[in-house]
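Predicted model, plus sequence, below.
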Number of protein chains: 2
Amino acid sequence: MSREDKSTGQVIFNISKEKNFPEWYSEICKVAELADIRYGVKGFTPFLPWSVMSMEIMYDILEEVLQRKGHLPMLFPTVIPESNLKKEADHVEGFTPQVFWIEYIGEGEKLEERLALRPTSETAIYPMYSLWVRSWRDLPLKRYQRCSVFRSEVKSTRPFLRGREFLWIESHNVFKTHEEAIAQVMEDLETTKEVITDNYGIPVMVFKRTQWDKFPGGVNTYAADTLMPDGKVIQLPSTHDLGDNFARAFNIMYLNENNETVYAYQTCYGPAISRIYGALISVHGDDKGLRLPYKIAPYQVVIIPIFKGKTAEQVLEYCKAIHDKLTKAGIRVHLDDSDATPGWKFNYWEMKGVPIRVEAGPRDIKKNQAVLFRRDTMERETVQIDKLKSRITKLGKEIDANLRSMAEAKFEGLIVDADSLSAIDDALDNGRIARVSFCTTEMEGLECAEVIKDKTGGEIRGTRIDVEEKAEGVCVACGKPAKEVVYIARSY
Amino acid sequence: MSREDKSTGQVIFNISKEKNFPEWYSEICKVAELADIRYGVKGFTPFLPWSVMSMEIMYDILEEVLQRKGHLPMLFPTVIPESNLKKEADHVEGFTPQVFWIEYIGEGEKLEERLALRPTSETAIYPMYSLWVRSWRDLPLKRYQRCSVFRSEVKSTRPFLRGREFLWIESHNVFKTHEEAIAQVMEDLETTKEVITDNYGIPVMVFKRTQWDKFPGGVNTYAADTLMPDGKVIQLPSTHDLGDNFARAFNIMYLNENNETVYAYQTCYGPAISRIYGALISVHGDDKGLRLPYKIAPYQVVIIPIFKGKTAEQVLEYCKAIHDKLTKAGIRVHLDDSDATPGWKFNYWEMKGVPIRVEAGPRDIKKNQAVLFRRDTMERETVQIDKLKSRITKLGKEIDANLRSMAEAKFEGLIVDADSLSAIDDALDNGRIARVSFCTTEMEGLECAEVIKDKTGGEIRGTRIDVEEKAEGVCVACGKPAKEVVYIARSY
C-alpha cells in the first residue's frame, strides 16, 4: 500500500511489485505523476510531464539509431480513406474491427468517403510509395514516422501498456528483392536489441511468430518479448516481412536493371514507445517506486540542499554552483529549492526514480565535498567537489549496468522444458516459460494452440531464430510428429 | 517556370517568387520534395523528409525556449468528448463548425458519446486542470504539448500554410491573478520574437487583435504577423489572455493564501510549426529555390567531390575526411557521392536550399584546401583545410544574419498612413500596410471593418502594443471620432 503521511501530506510508496503488480502499477502511475486515468474516455489517457520527458528521450535514442541506419523521417496524415484501408484483404480483416471512423464534419456535413483514424499506416503510405518508387535507383526506400495510432482495444486498458491511442514509430521500407527485405527484418531485430536492451536496459527474447499470430497481410512477423513482474510476457517491437503482398495490393512496382517492371518487397517495423515505457518502469521499479535508468531519466540528478538554521543562503549558493557546473557538463539536473524538508524531498525523488541524488550541507561545504546517493542500490558515498562531475558520469553508467543485469537475472532459469499440458501448466504457474515440441506453426497448428490456451492460459510466442532447435517426439497437444520447438507463456 | 533537362532528367527551377508567388510555392513544394499533394483527402498532405527534418529542428528550438521559461511537456489524447467541447459557449460557437466527429468504431459499434478530433485542446485539458489545481502552491501551472490538430478549413488549402491537419505546440497556463496571466502573454510575445525572428530569421509585427478577431472564449488575443512575397500578411503564433472565462466554464479554482476558494486566470499560446515552416521557405527563398537558414537546414553543409578521371578514389577519400571532421564538430553534413555529375549536384542542392556547399577536387587536395559556396549570395571562396570548420561555423552565422536582414528590408517603408478608403486601397495595391484612424476595436467597430474589407479587400490586423499611438480625427469608415490607430493589410 502507499499511504499519505497526514502531518506532511506526503505519500509513502511501499507496495510489493512482485506480489501485487497490478496495484503497484496503477498506484505508481498516479503518485509518480505519469498519467491521469480520469480523462473520461475509455482507453484515452493524458500523459504527464514525468513520463513525457522520458518518452521524448526514448524517441531521441531510437530515432538516432534509425537515422544512422539510413532511415529518413516523414509524416503522413492521421486519417486514411476507407477505400485505401480495404485494398489488402487480410489487412482489412485484421484491423477494421478496431478502427475509429470519421463520417461527419461540423454541424452535419457528411464526408464523401469515411476516414479512419490510422490504426497503423501501411494503407496511408503505400499508395504514395506506388507513386514514388519508379526505378531500381529509388530503392531501397527507408522511411519512418513518429506519431500516435488508434485502436479500439477490447481488452481492458492500462496507461502506457495498452491504450486506444498510443505513441510509436513506424518504419516502412521498400526493397528490390525478398532477400534484402529479410535482411532489413534482421537489422530491425538488431536495432531492437541496441535500443531496448543496450539503452533502455530491458532484456528481450526474440521469436518468429506463428502464422496465426503474424501481422495481417504480411508473410512473417518477428517480435521481441520481455518479462513483466507478474510472470507474464509482453510484446515489445515487432518487425514484419511483408513479401510482395502489399506491393501487389498497392501496385508498388519498379523498373529493374533489365528494364522489366516488377513488384517490390517490403518490411515494416513498429516500436511503440508508450508501451515500452510501461514495460521499462515495470521491469526496473522496486517496492519503493520508480528506478529510472540514468540514460532515460528526465532529471538524472536531483540536488537537495541540507539547510541548518542560518546557513541556508550559503548552502543554497553552494548547491546552485553544483547545479550550474553539472548542467554545463550536459547532465540533466534539478535543484529542489522548495520549502519542503530534506526528508520529504528524499522520499519524493526516490519514488519518482531519479537515479542520483546530491546532498550538500554546511559540513560538506567545509570539507569541499558532497554526498551522492544512488537510487538503484540506495547507497551513499562522499565525493570531493572537483571529482563530482566525473563520478556522476561514471555512476550513471554503473546504475544502468546494474539495472540491466538485475533485469537479466530474472531470465535465468526462466525457460523449462515441458512434455505435457500439465507440465506446461505447472511451468506457467511458477512464472516460467515452457519450451515444448509442437506439430506446426503453419495455420494447421492453430487448433493445438487453442487447446494449450484453454488448458494452461498460455500462448505460443513462436520459434527461436537465434538458436537452431530441432523438434523431437510428438506435439504436446495432438500427439502427431512434432516439427517445431515453440515457447509458451502467459502474456499481456 | 521550372523545366526538366531532357538529357539529365534534372529539374531546373527558375520562377520569379515576387511576380508569381502561388506558382513558385506549389512548384518548390514539389521539386524540393517537401510535401506531396496527391494523398487524395482534401487538406491532408504527407510531409516528406526534407520538410520534416527542418520542422523537427524548429520544434527543438521552440521547446528549448519554452522549457527554459518553466514550461513542462505533457500529452493529451487526440479525441475530445462532445460534452467537454460544449462547456464554453463562445468557444463551441467558434470551433464546432470545423470539427471532425467520430461516432462509430469498427463494423458499426456506436460510441456512447461523439468524440471530436481536437481543433485545439482547451476543452480536453481544462477539465483535468480543474482536478490538478487545488491551492496557490500549485500555481503557476505552465504546461505545453506538441501535437497535430484538425480543422475543417473552408478556404482553399495549401501545404504547410493551411491544412486540415497541422503541427503545432500549444501551451496552456494557469495563474493566481489576471496580472500574472497578462505578464505570461507578454512573455509569449518575447518567445515569439526570440524563436521566430532570432532563430528562424522571420521578422514579425505584433498586434493586439480586434474583439471580433480574437480567440473564441478569450478576453484578448495578441498575434505576430509576417509579410509574404505576394504582399499579403500571414498570422504566425498567437497568444491569448483567457481571463477567468475558461476557469469559470471548467471550474478551475484554487485555495488562496487567505483560505478563500477563487477562480484562476489562464493563457494559451499556439505556435503552428507547419505554418511557420511554410512562411519560412516563402520569406527566405529566391527564384532559384529554397534558401534555408543555417540553423534550420537538415543538411547545413553538402560536400561535392569533383572527380577527374582516375583521381576519383583519392578525391572521395579527401571528401570523406572532411565529412567526418565536420560531423565530429556537430555540423549536419551530407556527402553526395552519388553517380550524378558535379553540375547536377550543384543545381539540386541549391534548389533544396542547403546553405553551404564544399567542393573539393585534385587541385584542392594539392593545395590542402576546399572551395566554399554560400547559397544566400551564390558566392565562392577558397579555404585552407585547417580553417574549414571555423570558417563554416562563422559563415553559417553570416548567412543567417544576411537572410534575416534581407527579410527585414522588406518591412522598410511598408507602413503608410491612409485617411480614406481609396487611400487604403492604393496602399494595399502597392503591397503596403495601411495605418488608419478607426472608431473602435470593440465589437461595435465590426461594421466599419466590414466596409473596409468590402471596398479594399483589407483586414484590420489590430492595434500596436509596442508603441503608444494616439488616434487623431475621425474613423476612416464611419466618420465618427476615432479612438484607435489600426493597421490594415490583405492577408492569408
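Nice, thanks for sending it over.

So A:A35 versus chain B, what's the distance?
10 Å (CB to the nearest CB, to the nearest Å). For glycine as for every other residue, the C-beta is placed from the backbone atoms N, C-alpha and C.

hey, what's that residue bridged with?
Beta bridges link A:A35 to A:F47, judged by DSSP bridges.

tell me the contacts of the residue of chain A positioned farthest from its centre?
Distance from the C-alpha centroid of chain A peaks at A:K310, with 47.9 Å (CA atoms, centre = their mean). A:K310 makes contact with no residue, according to CB atoms under 8 Å, 6 or more residues apart in numbering or on different chains.

And for A:P159?
Contacts of A:P159 (CB under 8 Å, 6+ apart): A:S26, A:C29, A:L34, A:A35, A:I37, A:T45, A:F47, A:G278.

Could you do A:E165 as well?
By CB under 8 Å, 6+ apart, A:E165 lies in contact with A:G43, A:F44, A:S148, A:V149, A:F150, B:P77, B:T78, B:V79.

and the least confident of these?
Sorting the contacts of A:E165 by pLDDT puts A:G43 at the bottom of the list (94).

was I right about it contacting A:T157?
Yes - A:G43 is within contact range of A:T157, at 4.0 Å (criterion: CB atoms under 8 Å).

Can you tell me which of the contacts of A:P159 lies closest to B:H178?
A:F47 (30.1 Å; CB to CB).

How many residues are close by the closest one?
By other CB atoms under 10 Å in any protein chain shown, the residues close to A:F47 number 26.

before we move on, what about A:S156?
Neighbours of A:S156 (other CB under 10 Å): 8.

Could you pull up phi and psi at A:A272?
Backbone geometry at A:A272, expressed as degrees, to the nearest 10, gives phi -90, psi 100.

Roughly how far does it sit from chain B?
In terms of CB to the nearest CB, A:A272 sits 14 Å off from chain B.

Tell me which helix or strand the nearest residue in space to that residue that is not next to it in sequence sits in.
Once flanking residues are discounted, A:A272 sits nearest to A:W168: 4.2 Å by CB to CB, 6 or more residues apart in numbering or on different chains. A:W168 is part of strand A:165-175 when elements are defined by DSSP states H and E.

A:G43 and A:T157: which has the busier surroundings?
Neighbour count, other CB under 10 Å: between A:G43 and A:T157, A:G43 has more, with 21 against 18.

show me what contacts the more buried one?
A:G43 touches A:S152, A:E153, A:T157, A:R162, A:G163, A:R164, A:E165, counting by CB under 8 Å, 6+ apart.

Of those, which is the nearest to A:D429?
Using CB to CB, A:R162 comes nearest to A:D429 of the contacts of A:G43, at 23.8 Å.

how about the closest one, phi and psi?
Torsion angles, degrees, to the nearest 10, at A:R162: phi -150, psi 110.

Based on its surroundings, how many neighbours for it?
19.

cool, and A:N258?
7.

ok, now which ones touch it?
Under the criterion of CB under 8 Å, 6+ apart, the contact list for A:N258 is empty.

Just confirm it is within a strand.
No - secondary structure of A:N258 (DSSP: H, G, I helix; E, B strand; the rest coil): coil, not part of a strand.

Let me know the distance separating it from A:Q266.
In this view, A:N258 and A:Q266 are 21 Å apart by CB to CB, to the nearest Å.

follow-up on the earlier one: what angle do the next helix or strand after the strand holding A:W168 and strand A:165-175 make?
Next along the chain after strand A:165-175, taking DSSP H and E as the criterion, comes helix A:178-192. Using axes from the mean of the first three to the mean of the last three CA atoms, to 10 degrees, the inter-axis angle of helix A:178-192 relative to strand A:165-175 is 140 degrees.

Now the stretch 151-300 of chain A against chain B: closest residue?
Nearest residue of the stretch 151-300 of chain A to chain B: A:S152, at 4.5 Å (CB to the nearest CB).

Could you tell me how many residues sit around that residue?
Look at A:S152: counted by other CB under 10 Å, it has 17 neighbours.

So it is in contact with A:V99, correct?
Yes - contact criterion CB under 8 Å: A:S152 and A:V99 qualify, at 7.1 Å.

Quickly list what's touching both of the two.
What both A:S152 and A:V99 touch, as defined by CB under 8 Å, 6+ apart, is the set B:I105, B:G106.

for A:A297, helix, strand, or coil?
Quick answer, by three-state DSSP: A:A297 is coil.

How many neighbouring residues does the residue nearest to it when sequence neighbours are not counted have?
Nearest residue to A:A297 in three dimensions, chain neighbours excluded: A:P355, at 5.4 Å (CB to CB, 6+ apart). Counted by other CB under 10 Å, the residues lying close to A:P355 total 28.

Settle this for me: A:P355 is touching A:P298, isn't it.
No - counting by CB under 8 Å, A:P355 stays clear of A:P298, with 10.7 Å between them.

Could you work out the most separated pair of the contacts of A:P159?
Largest pairwise distance in the contacts of A:P159, by CB to CB, is 15.0 Å, between A:S26 and A:F47.

that's a strand at A:K397, yeah?
No - assigned with three-state DSSP, A:K397 falls outside any strand and is helix.

my read: the residue nearest to A:A272 touches A:Y269, true?
No - between A:W168 and A:Y269 there is no contact under CB under 8 Å: 10.0 Å.

The two: which has the busier surroundings?
The neighbour comparison of A:W168 against A:Y269 (other CB under 10 Å) goes to A:Y269, with 25 against 22.
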